[in-house]
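J.: Fold the following and give me the result.
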Amino acid sequence: MVVAYILCVTEVGKEKEVQAELKEFNEIKEVYVVYGEYDLVIKLELNDLKDLDAFITEKIRAISHIEMTSTMIAL
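T.: Okay, the predicted model is just below:
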């Protein structure tokens with residue numbers, strides 16, 4: 001299993017909307033609105049790195065109002 005954290009920048013004022021949309025995915029275990037350089041911190045769990053890549057590119061980046069992501073894989 002792969003555990004990853006994604007730091008996410010959203011359009012101004014869209015943090016809660018994006019958070020609600022992200023909570024619909026079973027792979028996402030936690031999602032928090034935060035203050036600072038990033039707007040959201042997302043924790044997700046997937047089977048392997050291939051699934052992680054697909055999930056980020058096909059699902060997370062497809063959400064409107066997300067401007068940038070930065071992924072950290074936990075060991």
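
J.: now the helices for the protein?
T.: Taking DSSP state H as the criterion, the chain carries its helices at 15-22, 49-55.

J.: Okay, buried residues for the last one please.
T.: Of the residues in helix 49-55, those with enough neighbours to count as buried (16 or more other CB atoms under 10 Å) are 52, 55. In short, each C-beta sits where N, CA and C put it, glycine included.

J.: Repeat that for the first one.
T.: Within helix 15-22, the residues that qualify as buried are 15, 18-19, 21-22, counting by 16+ other CB under 10 Å.

J.: I'd like the average pLDDT over that helix.
T.: For helix 15-22, the mean pLDDT works out to 98.

J.: and that helix, how far from the chain's centre?
T.: Computed by CA atoms, centre = their mean, to the nearest Å, the chain-centroid distance of helix 15-22 equals 10 Å.

J.: about what we covered before: got the helices of the chain as JSON lines, with distance to Ala74 columns?
T.: Converted to JSON lines, the helices of the chain look like this (distance: least, CB to CB, whole Å):
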{"stretch": "helix 15-22", "distance to Ala74": "18"}
{"stretch": "helix 49-55", "distance to Ala74": "11"}
